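In: sequence plus the predicted model coming up.
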Amino acid sequence: MAMNLKPLADRVIVRALEAEEKTAGGLYIPDSAKEKPQQGEIVAVGPGRTAEDGKAIAMEVKVGDKVLYGKYSGTEVSVEGEDYLIMRENDIFAIVG
């Protein structure tokens, strides 16, 4: 995917994964009742942040990682017709194995 969006410092760009369409019991969830997704895939990663002593701190996540993040984390943006979240690396709770 060619995207004209490059995050700076310790920011990442995440494509949210689709919310569940039905419950474990097989009931379909209407759009009005769906919760915001809290899982996504990293599509771009910034270079990392710089510590106060000037040393570079590398990012722990990489492009392609599936991650869990807070319900209200990040800033929603739309680029070339696709919706993304831009968030700091410390807004990510875990990498899904």
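Out: Arrived safely.

In: check contacts around S73.
Out: L85, M87, D91, I92 (CB atoms under 8 Å, 6 or more residues apart in numbering). All C-beta atoms are positioned from the backbone trio N, CA, C, and that covers glycine.

In: what bridges to the nearest residue to V96 once chain neighbours are set aside?
Out: Computed as CB to CB, 6 or more residues apart in numbering, the closest residue to V96 that is not its neighbour in sequence is K66, at 4.2 Å. Taking DSSP bridges as the rule, K66 bridges to E41, V96.

In: next, count neighbours for K66.
Out: 15 (other CB atoms under 10 Å).

In: so it is in contact with G40, correct?
Out: Yes. Contact criterion CB atoms under 8 Å: K66 and G40 qualify, at 7.3 Å.

In: now do the shared contacts for the two.
Out: The contact lists of K66 and G40 share L17, where a contact means CB under 8 Å, 6+ apart.

In: before we move on, back to that, and the residue nearest to V96, what does it touch?
Out: With CB under 8 Å, 6+ apart, K66 has these contacts: L17, Q39, G40, E41, I42, I95, V96.

In: which pLDDT value goes with the first one?
Out: The pLDDT attached to L17 in the predicted structure is 85.

In: please report how far it lies from N4.
Out: To N4, L17 is 23 Å away according to CB to CB, to the nearest Å.

In: OK, contacts around S78?
Out: So S78 contacts Y84 (CB under 8 Å, 6+ apart).

In: how deep is I13 tucked in, by neighbour count?
Out: Count around I13 with other CB under 10 Å applied: 23.

In: hang on, it packs against E82?
Out: No. Using CB under 8 Å as the test, I13 is too far from E82 to be in contact (10.4 Å).

In: helix, strand, or coil at Y84?
Out: strand (DSSP: H, G, I helix; E, B strand; the rest coil).

In: which SS class is N90?
Out: Quick answer, by three-state DSSP: N90 is helix.

In: tally of neighbours for it?
Out: N90, neighbours per other CB under 10 Å, totals 10.

In: next one: it from V67, what distance?
Out: Taking CB to CB, one finds N90 at 12 Å from V67.
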